[in-house]
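J.: coords please:
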Amino acid sequence: MDGDEEYPGHMTSHKSRPRLWTVFHLNLMFSSIEESLRAEVIERCYRPLLAMVRDLQIPVGIELSGFTLEEIHRLAPDWIAALRALIDSGLCELIGSGYAQIAGPLVPQAVNVANQVQGMQCYTEHLGQRPTIALVNEQAFSIGLVPAYAEAGYTGLILDWENTVAQHPDWPLDIGRRPRTLTGTDLPPMAVLWSRSIAFQKVQRYIHGEIELDELMTWVDEHALGPGDVFPLYTNDAEVFGYRPGRFQTEAPVVGDEWKRWRDLFQALRNQGRYALTGPSGALVEVLAEPTVPIAPLADLTSAATPVTVKKQWKYTLLRWSVAGRNSAVINAACHRAARAMSDTPPEDRSWRPLLHAWSSDFRTHITQRRWDAYCAALPSLAPDLMDPDPIDLPSSATDAADSDGCAKTERVIVLRATTGERVDVNPRRGLAIQAVRPGSLDKTVCGSIPHGWYTDIQLAADWYTGHVVLEPPGTAKIADLNPARLLRRTSTLLEGEIPTQLGPVRKRITLHGGGIVLRTELHWPEIPAGSLRLGHVTLWPEAFDPDTLAYATTNGGSAEFFDASKGAIDHTQPVSASVSARSAIGVTDGWLAIGDSSHHLLLTFDPGLCATPVAMIKVLRPGRQWFGRVAFSLQEVDDTLKAPRQHDAPLVFCLRLDWRPGPPGAPKDRDSNV
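T.: The predicted structure is shown next:
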């Protein structure tokens, strides 16, 4: 090696030159690559990568999942031996991923723990190594993931810089120039190494021949900063060099030897003499060796407006692995049921691996039709059959609560009352929308419907309902279930009805049970076109909450997370563009979300394995002296991965329970199972 270049794991004192580090992400599960082509990917992408490292003696990080490692061992065991030799020599540093590439904020904590434990088992078995740094899967990060990585033995994480700093315009620039050790209440310290989406996209453009080497070198010189700073040259896919995965029609053909362009880049950086080329651990040398590096709170990495960060531009959101794809919400529910069946299985047990594989993010994006068909055929063997506990059965005729034409009688409000004091006012003319919810402990409305004109601000001068369904196809009028309902059953504590829509009927049941309100919604829609499909809306009554102490709590792949919602606007539902219907979401991986102020809150709970697993979205606005707050749940959103229309033989079911609880939002100590 020349000058200040460092082997990946070599610990040195402060270096006089900026350090450039590189990680190649290897993924044989790549969504658009058929299984039959995996050997070709190894030959055209993975072998040239190792040859370049060996020939140029350039230190790099190699990140791959346990599943990818197993596949390479099956198809090309000599490649594994070559990688192990480079790791032993110090040229390659193993960077962890887990057994499968899973979007962690969308799965229960036990699944995330098992994924990391099983990944470590694979690394030890095939490479004799236990990595200490992990590249967070899909760069989808939530605070709740940290314990799973720490429990597996990781001391450092690679996270996206641009999407983190976007939430903190007040941060000084030097935070992004150096790694940091982050900590927080009840969370272990974790070193964070910043990756940069713009940097790896810039390098890809050079390798693909879209820009020339001098342009890339100039850009690096302008951004790699000064002595002691570290900069990520590349932190993304290896399968896009010398090969094209076929995700997009706009992919440029491979022209020339792209791995030679990589060699030219590394040679030019070495010849320039300005930088020390290093691996990830070499980039972390100061933060790991010098306790004087500032410690920042982990909670600063996410916010109420962006509870989960991801990589690249805003069109890449948590929604692409949750409620887009071919039918992600339905297969996620099946995976939740399978995880529930394994609740007593220790994370070290290899029987976790089929489920971890089934939860891979690649099944949820640009998966090929052949792989999708095979996946759907195999999934039932993992997931227990769905047993719908309480379907809404259509009676042979409507009750006397309906007129002869099947629509609700002329009454504008139907009142349900429980002996414990709970009261729900329902609007039969607007699809059984909930007009007001009054807990037994209060004689005031806490959520419901806000009529047109209540807000003076024009952006909110509309009707805002609770409990309704809205499908918004791009470029056409929205479809909602706010039509008059045909009443099916009615008692003092239960109301059941059916609402006609252009796509088919929606059946609803509202029940007062155990001090709470249960809203069951069934979409009897044989086909669902492209569009955002949101339901279970809960509109907060402004006068029931103090906006200056507003907060929410939930889970995003780990233990409970708490978010201050009192400062600034929050709008997870805001479209990114005409082709991406929302910019953020909450994983709600344990099926609960609490929202309220310092004195009381609403607890919203559902079963994530019932039929289709939703994500939650929050909208909080404070125009002038007024404020607006709402929660919605989504079963489908639009982005480049969505395949629609979707066919459904059985109804889509979502069952939401609302409870009123004292104290600020927090993890529920108890949950009624009747949801």
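
J.: hey, which helix is longest across this structure?
T.: For the chain, the longest helix by residue count, based on DSSP state H, is helix 109-127.

J.: kindly export that helix (C-alpha atoms) in CSV.
T.: Coordinates of each C-alpha in helix 109-127 appear next as CSV, following Å, rounded to 0.1, in the frame of the first residue of the first chain:
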residue,chain,number,x,y,z
GLN,A,109,-38.5,-7.0,17.0
ALA,A,110,-38.2,-10.7,17.4
VAL,A,111,-37.8,-11.1,13.6
ASN,A,112,-35.1,-8.4,13.5
VAL,A,113,-33.2,-10.1,16.3
ALA,A,114,-33.4,-13.5,14.6
ASN,A,115,-32.3,-12.0,11.3
GLN,A,116,-29.1,-10.6,12.8
VAL,A,117,-28.4,-13.7,14.9
GLN,A,118,-28.9,-16.0,11.9
GLY,A,119,-26.7,-13.7,9.7
MET,A,120,-23.9,-14.0,12.2
GLN,A,121,-24.1,-17.7,12.1
CYS,A,122,-23.7,-17.7,8.3
TYR,A,123,-20.7,-15.3,8.5
THR,A,124,-19.0,-17.5,11.0
GLU,A,125,-19.7,-20.7,9.2
HIS,A,126,-18.6,-19.6,5.7
LEU,A,127,-16.0,-16.9,6.4
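
J.: which intervals of the stretch 551-675 of the chain have sub-threshold pLDDT?
T.: 670-675 (pLDDT under 70).

J.: now do the strands in it.
T.: 551-555, 560-564, 570-571, 592-596, 600-605, 615-621, 628-636, 646-647, 652-662 (DSSP state E, counting those that start in this stretch).

J.: what's the weakest-modelled helix or strand in the protein?
T.: Using mean pLDDT, DSSP states H and E, strand 295-297 stands out as the lowest-scoring helix or strand of the chain, at a mean of 54.

J.: helices or strands up against the next helix or strand after that strand?
T.: Sequence-wise, the next helix or strand downstream of strand 295-297 (DSSP states H and E) is helix 328-341. Here helix 328-341 touches helix 353-358, going by 3 or more Cβ pairs under 8 Å, 6 or more residues apart in numbering; DSSP states H and E. Placement of C-beta: from N, CA and C, glycine included.

J.: quick one: buried residues of the helix it packs on?
T.: 353, 355-358 (16 or more other Cβ atoms under 10 Å).

J.: give me the distance between that helix and the centre of its chain.
T.: 18 Å (Cα atoms, centre = their mean, to the nearest Å).

J.: then stretch 31-51?
T.: Counting by Cα atoms, centre = their mean, stretch 31-51 comes out at 27 Å from the chain centroid.

J.: and the end-to-end length of it?
T.: 26 Å (Cα to Cα, to the nearest Å).

J.: tell me who's in contact with the closest residue to residue 127 other than its chain neighbours.
T.: Spatial nearest neighbour of residue 127, excluding adjacent residues (Cβ to Cβ, 6 or more residues apart in numbering): residue 84 at 5.2 Å. Counting by Cβ atoms under 8 Å, 6 or more residues apart in numbering, residue 84 makes contact with 126-128.
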